[in-house]
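Enquirer: Sequence below, structure please.
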Amino acid sequence: MKVLKDWQYAFVLLWQTFKELRYLPRQWQRCIEHSCNMGYKTFPIVGILSLFMGGILALQTGYSLSNLPGAQTFLGSIVGLSMCRELGPLMTAFLLTGRVGSAITAELASMSAYQEIDALKTMNLSPTRLLVMPRVLGGLLMMPLLTMFSNVLGWIGGWFVVKTVDVISIDGGTYWRSLQQFVDLDSLNDGLVKAEIFALTIILMSCSIGLRTFGGPREIGASVTSTLVQTMIAILTLDYFVTKLLL
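Expert: This is a model prediction of the structure:
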């Protein structure tokens, strides 16, 4: 029952955020601040994960194709499409959930538990305008950049494995030519559409659960855990249906 209420309030927050967009010029500085906090602290872990993810994908796929003559020439296309259409946005979304979503929930849950949200309402200040809208826009601004960064690092990780592992019998030039041949603008756009949907889901769920937290430190911890579980399940569910629509 609580899960349904969390989702219901998330949709309410989405509608309220749209209505508060008219105040964006006054909140632009907050949006930039949240974008920077979400972005530069997340870039390193996204880069490390993507580099190794691309390398592991190239290693496993290259080894599997080693017994098929000529099949390894398509390794670049496999790594390229896998990263930009699926692994890039999905892994970035999981990292954003763990680092940013949990932090948002903890911060808003603390404000709610210690009645700071009620104080804003008493002063006739909208919590959605001050706390939710800047975070939503910050997430939507940074998620495409993080996803493209993940894609590129994943491709480089795959190229590094191609250059250094003997079981893969193609050179780096063949890898990049195959990647360029099959990775087109539509594939990149599909991944970015997923990334934006994931970002919106992460921020709205984090804010929804955080703002509806009442109690003390134990409830704050439970809210953070709930955010991680619900958001990751939502991302995987949305990933399936969005992929089906984009095919």
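
Enquirer: With adjacent residues omitted, what lies nearest to the spatially most central residue of the chain?
Expert: Centroid-nearest residue in the chain: residue 93, 2.2 Å away (criterion: Cα atoms, centre = their mean). With sequence-adjacent residues excluded and distances taken as Cβ to Cβ, 6 or more residues apart in numbering, residue 93 is closest to residue 198, at 3.7 Å. For the C-beta atoms, the positions are set from N, CA and C on the backbone; glycine is no exception.

Enquirer: which ones are touching that neighbour?
Expert: 89-90, 92-93, 96, 143, 235, 238-239 (Cβ atoms under 8 Å, 6 or more residues apart in numbering).

Enquirer: how much distance is there from the longest helix along the chain to the middle of the chain?
Expert: In the chain, assigned by DSSP state H, the helix with the most residues is helix 133-164. When C-alpha coordinates are averaged (Cα atoms, centre = their mean, to the nearest Å), helix 133-164 and its chain have centres 9 Å apart.

Enquirer: Same question for stretch 120-128.
Expert: 29 Å.

Enquirer: One more: stretch 106-113?
Expert: 22 Å.

Enquirer: Would you confirm that residue 71 contacts residue 63?
Expert: No. Judged on Cβ atoms under 8 Å, residue 71 makes no contact with residue 63 at a distance of 11.4 Å.

Enquirer: Give me the neighbour count for residue 140.
Expert: 16 (other Cβ atoms under 10 Å).

Enquirer: Distance of it relative to residue 195?
Expert: Residue 140 sits 9 Å away from residue 195, going by Cβ to Cβ, to the nearest Å.

Enquirer: Would you mind checking the average pLDDT for whichever strand or helix holds residue 239?
Expert: Taking DSSP states H and E as the definition, one finds residue 239 inside helix 217-246. Per-region confidence: helix 217-246 scores 92 on mean pLDDT.

Enquirer: Same question for it: list its buried residues.
Expert: 220, 223-224, 226-228, 230-232, 234-235, 238-239, 242 (16 or more other Cβ atoms under 10 Å).

Enquirer: coming back round to it: which strands or helices does the longest helix of the chain pack on?
Expert: Under the contact criterion of 3 or more Cβ pairs under 8 Å, 6 or more residues apart in numbering; DSSP states H and E, helix 133-164 touches helix 2-20, helix 24-40, helix 43-64, helix 75-82, helix 88-96, helix 172-182, helix 185-211.
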